[in-house]
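Student: turn this into a structure:
(one chain, ligands or ions: 1)
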Amino acid sequence: MKISVKAAAKLNIFLDIIRRLDNGYHSLFMIMQSVGLYDVVKVTLSDSGKVTVLCSDPSLPCDGRNIAFRAACKFLSLAGLSGVGVNIDIEKNIPCAAGLAGGSADAAAVLYALNKLHGEPFCETRLLEIGAELGSDVPFCLTGGTRLAQNMGEVLSPLPPVPDVFFVLAKPCSSVSTMDAFAAFGEHGQISRLDRAGALYCAAKGDFEGLLKLSGNVFEQFVEVPDRVSIKSVMRRNGSTFCQMSGSGPTVFGIFDNPEGAEACAAELREFVGSVFVCRPVGRGVEEI
Ligand code: C5P
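Tutor: Sure thing, here's the model as predicted:
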């Protein structure tokens, strides 16, 4: 039995860090958006009793360091399916360590696929809890769309969908470790806070322009990303109404209201940025194909 799932990348339209929690993690306030840049994850059951991962990106580990592998092991153990084997085949399109939740999207796809293949032993709420134990962005990746994510990212509330804009995503060659980015937050004395209540008020009433006026990502105050300034200036010059880093970086995204501006911007960025994508908002994190 086999299922193919497309797993969407996410952007942080708004990201504020509230405080460090006693468990070392951080309490966050994020407005998250799924976008149509997908990994394709094929999950096949076997009777080998083993979990295997194959990935189109040879630089990624295929063992317990891969979150998709850990997702399968965790699912099988919690569902009491010790004799079951799982082969996971990942076509990687979402760049790694990029602030786009690429690994979390793959883990979400594995949980979703295994739950479907076994007749849904876990309800949605339980699947989200299992996802949260794997990684902070996994619950959002399981649900997707436009959501407010709070606490460590696992407290999710739906928001009205954003308009059907065009996003240009530019991922410079560098990668950022989320753990290092949070450590930098601890070392950074003072950060300017964002207007969370105002942003949420706009997002909840579907006022996207109002939301963008108040938006920001506090990681930009202490995570250094090469080319961030020049990427933003190309985006603005090509008509982007808003540009910002996603997550702990280094991907920078720009919002465009027409495809011509987005494509012209992408073409210019491709001259000096490693990976550039044009995509649109989508309403789901994982979807069977
Ligand atoms: O949960 P995830 O594996 O994505 O997190 C990677 C690292 O980022 C964690 O080990 C932790 O150091 C940090 N983190 C945090 N607070 C969060 C999410 C992640 O401090 N809410």
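
Student: and the helices in the stretch 151-289 of the chain?
Tutor: Under the criterion DSSP state H, counting those that start in this stretch, the stretch 151-289 of the chain contains helices at 178-187, 196-204, 208-214, 228-237, 259-269.

Student: mean pLDDT lowest for which of the ones you listed?
Tutor: Among these, helix 178-187 has the lowest mean pLDDT, at a mean of 90.

Student: so does that one get close to the ligand?
Tutor: Yes. Counting by CB under 6 Å from any ligand atom, the ligand is contacted by helix 178-187 at 178-179, 182. In short, each C-beta sits where N, CA and C put it, glycine included.

Student: packing partners of that helix?
Tutor: Packed against helix 178-187, as judged by 3 or more CB pairs under 8 Å, 6 or more residues apart in numbering; DSSP states H and E, are the following elements: strand 2-20.

Student: which other helices and strands does the strand it packs on contact?
Tutor: strand 26-46, helix 102-117, helix 138-143, strand 166-171, helix 178-187, helix 196-204, helix 208-214, strand 286-288.

Student: may I see the buried residues of the helix or strand of the chain with the lowest mean pLDDT?
Tutor: Of all helical and strand segments in the chain, the minimum by mean pLDDT, DSSP states H and E falls on helix 178-187, at a mean of 90. Across helix 178-187, burial judged by 16 or more other CB atoms under 10 Å covers 178, 181-182, 184-185.

Student: how close does the closest residue to F14 other than its chain neighbours sit to the ligand?
Tutor: Setting aside the residues directly before and after it, F14 is nearest to I31 in space (CB to CB, 6 or more residues apart in numbering), at 3.9 Å. Distance of I31 to the ligand, computed by CB to the nearest ligand atom, to the nearest Å: 15 Å.

Student: contact residues of this structure facing the ligand?
Tutor: 25-26, 28, 135-137, 152-153, 178-179, 182.

Student: show me which of these are buried.
Tutor: Looks like these have 26, 28, 135-137, 152-153, 178, 182 buried, using 16+ other CB under 10 Å.

Student: tabulate these (a markdown table), appending distance to T125.
Tutor: Formatted as a markdown table, those follow (distance: CB to CB, whole Å):
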| residue | distance to T125 |
| --- | --- |
| H26 | 24 |
| L28 | 20 |
| G135 | 18 |
| S136 | 17 |
| D137 | 18 |
| M152 | 16 |
| G153 | 16 |
| T178 | 25 |
| F182 | 27 |
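
Student: which one of those is nearest L37?
Tutor: Set against L37, the nearest of these by CB to CB is D137 (14.5 Å).

Student: can you tell me which of the residues of helix 178-187 next to the ligand is nearest E260?
Tutor: For those, the nearest to E260 is T178 (34.6 Å; CB to CB).

Student: quick one, what contacts the closest one?
Tutor: 97, 247-248 (CB atoms under 8 Å, 6 or more residues apart in numbering).

Student: next one: it from V155, what distance?
Tutor: Applying CB to CB, to the nearest Å, the value for T178 to V155 is 18 Å.

Student: and the helices of the stretch 151-289 of the chain: which comes nearest V53?
Tutor: Nearest of the helices of the stretch 151-289 of the chain (CB to CB): helix 178-187, 20.9 Å.

Student: the closest one vs helix 102-117, what angle?
Tutor: For helix 178-187 against helix 102-117, the angle by axes from the mean of the first three to the mean of the last three CA atoms, to 10 degrees is 130 degrees.
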